[in-house]
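my questions concern the predicted model and sequence given below.
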Amino acid sequence: MTATTGDDPPAVLGQSVAMPDGVEPDLMATLAAELERQLIAQGGKGIADVIGVYVDPLDVTAVADDARLEWVYNNKGDYNLDGFVTVSDLTPIGIHFDKDSSSPDWAAASCADGTNDGYITVGDITPIGQNFDSGVTNYVVEADVMGDDTWVPVANIPRANGGPGPDTDWLHYSELITNGAYAQYFRVYAGPEASPLVPIEIDPTAFWVNLTAAPTSGVEPVHVDFDVHIDNGAPPYAIHMEFGDGDVYDDTAPSIGHYEVEHTYVAGEWTASVAVTDNDAEEKTDEIDISVEAWGGGNPLMNPGFWVTYEMEEGANYGAHSAIALVDGRPMMIYTRDDADNIEFAMANVAKPESLSDWTQYTLDSGEHRGGTLDIAEVQGVPCVVYENTLDQDIWFGAAHHANPAHDLDWWIHEPDIMGFREPQLAALDDGAEEDPILVYRTAGAVRFARSLVDGGLPTTGGTEPPSGEWHVVDIASGNQYEYPRVAVFGGFPAIAFQEKSGGFNSLEYGYTETLTPDLPEDWTIYTVDDEEKNSGLGIVLTAVDGLPAIGYRDILYAGPDYLKYAWADTAIPGPGDWTSVIVRQEEEVHVGMNLSMVGYDKLPILCYINTSTQPSPGLEISYPNVDPPVNEAFDHALIAPAEGFFINEQTNMILLGDGTPVILYRTSEGLKFAYFEDIQL
């Protein structure tokens, strides 16, 4: 290692590290040593590059005949915003070390929060290591003018065009594209200057029709969403579609705009066509090819065509954090809205919601800085929720007045504990008289458990101090740093799982109690389930599979592969020897199994995640054992929702509906999506 302390300036692989004023030399040496260690493990180089990656989100607004495109510079690890990821990006970490989102200068400090967790720590070195030497000097703007997936470069935007954005020092871009209002789609990526540029030229008065589809290929059955775009001409319009397989669709469009049509294809090569006739009898046509492969059989869970997906919310601002649960026999969910700091709530009106029309949606809490980790559970037959104030890091608890809360006035919402806590999780504990809400969350140096003290109802006002307090809290693990606390109930008693960080070696821990009032630390038994790798217990999911405790989690071996793992117990209240842990999947490059969720299905686990071993992520994936009981790497894997631009470091969520149907709630660059499994007979 070349990073040193004392009189020698720190260095990384021979490159000197600057010593900013006011920063302890030992701290800079520690940061330099960690970066060098990561780079050596990666062969002395980064493993990702921003070049060619499309910016996300990209906001497009029509301005008369033009279009304004806005995005934020995002070269992961470039904390000093000079366009390149180098050793000099350690300096902002050193300057802002130990600051968090409550710091008064967070707008400046947040540029060094590469992990987006609201803290500046050693962990923010990882994005530097992953993207080392990645550089941005120019952005290329491409347009798909007719919406037929023909992309042409229309502008080069120098990196230097960016300036400070609202509430942050990150570079913000706001560029006007001439005639951009007449283009159907835009995308922007970092790369060398494109040449030649193609100006957008279109007759704004001509009657035209454009047919697009997504997806245009896949394994049967393929559910295709068509978009018929009509502009100009004389309304109303007659729409006639032929899907190529003998089915047709006819409708009337009262005005110009986009009209959505759905169709499901079996194996074959198909050409879908549309003919639109306006009120002057002028006809415009368009067509698109659809290619569908035959399904070779096997586990239907692994067939993307058996997963029916629709959008709950449109846009990238919804669902950075989300949770879903079955309440009163129906799915209900809670999720964040980033552009407004809102907590949103959605309640299905039927047991199996098959479209957006089956839901009631509204803003639950519009207070400032609402968001962060959240959860939802059924307690006493009503939905209860928990979430964070991301500025003060308070925990907020909400309980509905009844099983069908139609708006925010149907809720009690309060703070059950004081500031400084994160990652709340929620469950229901039956004490023999009624169900009570229980919580687990982490503090700066403890895992904390809270249970309701209210008899004959739910907490409505908060407080943890007797005699009027509604919650009892206890630190059940303390003395180290902790992540990913999770809570569940097995055998009628509370259980927890979490990651413990100790001396650079992180382990997966499990805890249980055999009392319904575990108010003292000694009421809990806590032990290690897995510390095989250096960083065990990442992204924990704790749930029941076949009625018994089960944990999905990630392991990272810094100089080797990443592991997605599954552990299960053979009894409801397991001791250290009652667990079996197997490897679900391993990858030589980071990160496999990000944003993990899990549910028990037919006595075995479905694990759902975003695989970021390649960038951009290939999409939403699931794994399911092909033997019972599971053994190492004896799992089938499937790409359920292939897409570029999936967000990482966010959540996926899984539950079973009342009839046993698995469902997935997940976020994409397009919006928050809901998918349910349907075993279609081909």
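Received the coordinates, thanks. Predicted model only: the values in this text are computed from it and were never measured.

centre of the chain versus stretch 339-353, how much separation?
Computed by C-alpha atoms, centre = their mean, to the nearest Å, the chain-centroid distance of stretch 339-353 equals 16 Å.

buried by neighbour count: which residues of that stretch qualify?
341, 342, 343, 344, 345, 346, 347, 348, 352, 353 (16 or more other C-beta atoms under 10 Å). Yep, even glycine has a C-beta here, placed from its N, CA and C like the rest.

kindly state the pLDDT recorded for the last one?
Reading off the per-residue confidence, residue 353 sits at a pLDDT of 97.

tell me where the stretch 301-450 of the chain has strands.
Here the stretch 301-450 of the chain has its strands, by DSSP state E, counting those that start in this stretch, at 307-314, 318-327, 330-337, 342-348, 359-365, 370-379, 382-389, 394-400, 411-414, 422-430, 435-442, 446-452.

strand partners of the third one, parallel vs antiparallel please.
In its sheet, strand 330-337 lies beside strand 318-327 (antiparallel), strand 342-348 (antiparallel), with partners assigned from DSSP bridges.

the last one now?
Within its sheet, and counting by DSSP bridges, strand 446-452 is paired with strand 435-442 (antiparallel), strand 471-478 (antiparallel).

just those strands: most buried one?
Each of those was scored by mean neighbour count; the highest is strand 435-442, a mean of 24, by mean count of other C-beta atoms under 10 Å.

any idea of the angle that one forms with strand 394-400?
160 degrees (axes from the mean of the first three to the mean of the last three C-alpha atoms, to 10 degrees).

for the strands paired with strand 330-337, which one sits closest to residue 481?
strand 318-327 (21.0 Å; C-beta to C-beta).

how about the contacts made by residue 437?
377, 379, 384, 397, 399, 426-429, 451-452, 458-459 (C-beta atoms under 8 Å, 6 or more residues apart in numbering).

any chance of TSV for those, columns pLDDT, distance to residue 567 and neighbour count?
As requested, these are exported to TSV (pLDDT from 0 to 100; distance: C-beta to C-beta, whole Å; neighbours: other C-beta atoms under 10 Å):
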residue	pLDDT	distance to residue 567	neighbour count
377	98	23	22
379	97	27	24
384	97	28	28
397	93	30	26
399	95	33	22
426	96	22	24
427	97	19	24
428	97	24	18
429	97	23	21
451	92	26	20
452	91	30	25
458	90	33	21
459	87	33	24
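
list the buried ones in the helix or strand hosting residue 665?
According to DSSP states H and E, residue 665 maps onto strand 662-667. The neighbour-count criterion (16+ other C-beta under 10 Å) identifies 662, 663, 664, 665, 666, 667 as the buried residues of strand 662-667.

how about stretch 375-388?
Neighbour-count burial for stretch 375-388 [16+ other C-beta under 10 Å]: 375-380, 382-388.

any idea which of the residues you listed is closest to residue 202?
Closest to residue 202, out of all of these and judged by C-beta to C-beta, is residue 387, at 46.2 Å.

and that closest one, what are its bridge partners?
Applying DSSP bridges, one finds that residue 387 bridges with residue 396.

list the residues that contact it.
Counting by C-beta under 8 Å, 6+ apart, residue 387 has contacts 321, 334, 336, 343, 365, 370-375, 395-396, 398, 424.
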